[in-house]
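Engineer: Predicted model, plus sequence, below.
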Amino acid sequence: MTVNVEWKTAEGGHTGLVADGTCLLDAARRHGIALPTECGGRGECDTCAVAVEAGAALLSAPTEAERVRLGAERLAAGERLACQAKAERAGDLVLRPVPQAAREETTEETARDFKEEFKRLPLRKKLATLAGLEAEMAYETLVRAVDLPFELMGKGLDLIAGRGRRLSQADRTRAKPAAEPTRPPTPGSDPGHEGPAI
């Protein structure tokens, strides 16, 4: 089976066929559409987001990565991650890459913007910014160090409780009396009579 995919881009439309089971990112590459992929197509960013204008039912169900990166609102609006969604059923699919302005700023873009802004700061403000970042990092490290023993203890208690439940279940299973097998009556015998057959 094949899926007819139409891409609507700023440069114009591109249409072509792909086999069912094809990832939308691969479909885009085959049709000459360059979708950005900051994470390399691992579902760790939203740079390859596409808007599904028609044929949403032809796609695979949203993955956990899509739920995390796009959120319920963007998924409901018809957005999908091209690296995660697959064309699973034959039909016509119309897709449009989500413009950079419409998606969340990526980590790389945030870092680049911060560097640009930091370069323009006077020395005094640079030092104050660095001191603030250092204090924030120290606080986060302290909070994590305080929370870690409780987190580990909770996991340990969960393991112990699970082991206890399994042992308790095993004890209950062993304590159940085994059912005696019933023997079929022998020919010529009366099951209600205890003496010898006459």
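Structural biologist: Perfect, I can see it now.

Engineer: Now for Leu81: which residues touch it?
Structural biologist: Contacts for Leu81 (CB atoms under 8 Å, 6 or more residues apart in numbering) come out as 43, 46, 48-50, 63, 65-66, 69-70. Placement of C-beta: from N, CA and C, glycine included.

Engineer: Next step: these restricted to helices.
Structural biologist: Secondary structure from DSSP state H places 65-66, 69-70 of those in helices.

Engineer: Spatially central residue for this structure, please.
Structural biologist: Glu64 (2.1 Å; CA atoms, centre = their mean).

Engineer: before we move on, back to that, closest one of the ones in helices among the contacts of Leu81 to His31?
Structural biologist: Nearest to His31 among the ones in helices among the contacts of Leu81 is Glu66, at 21.5 Å by CB to CB.

Engineer: sorry, back to before: who wins for most neighbours among the ones in helices among the contacts of Leu81?
Structural biologist: Scoring the ones in helices among the contacts of Leu81 on neighbours with other CB atoms under 10 Å, the highest-scoring entry is Arg69 at 24 neighbours.

Engineer: Now do the contacts for that residue.
Structural biologist: Contacts of Arg69 by CB under 8 Å, 6+ apart are 43-46, 81.

Engineer: can you give me the helices for the protein?
Structural biologist: 24-30, 64-76, 107-120, 123-175.

Engineer: can you put the ones you listed in a markdown table and add mean pLDDT and distance to Glu38?
Structural biologist: A markdown table is the format used below for these (pLDDT from 0 to 100; distance: least, CB to CB, whole Å):
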| stretch | mean pLDDT | distance to Glu38 |
| --- | --- | --- |
| helix 24-30 | 88 | 13 |
| helix 64-76 | 88 | 11 |
| helix 107-120 | 76 | 6 |
| helix 123-175 | 86 | 23 |
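
Engineer: Out of those helices, flag the one nearest Gly16.
Structural biologist: It is, among the helices of the chain and with distance given as CB to CB, helix 24-30, at 6.7 Å.

Engineer: Kindly state the domain boundaries assigned to the protein.
Structural biologist: Following automatic domain parsing, one gets these domains for the chain: 2-102, 121-174.

Engineer: Just say which of these is most tucked in.
Structural biologist: Ranked by mean neighbour count under mean count of other CB atoms under 10 Å, the domains of the chain are led by domain 2-102, which reaches a mean of 17.

Engineer: Which of the contacts of Arg69 fall in strands?
Structural biologist: Leu81 (DSSP state E).

Engineer: Mind picking the two most distant members of the ones in helices among the contacts of Leu81?
Structural biologist: Across those (CB to CB), the longest gap, 8.9 Å, separates Ala65 and Leu70.
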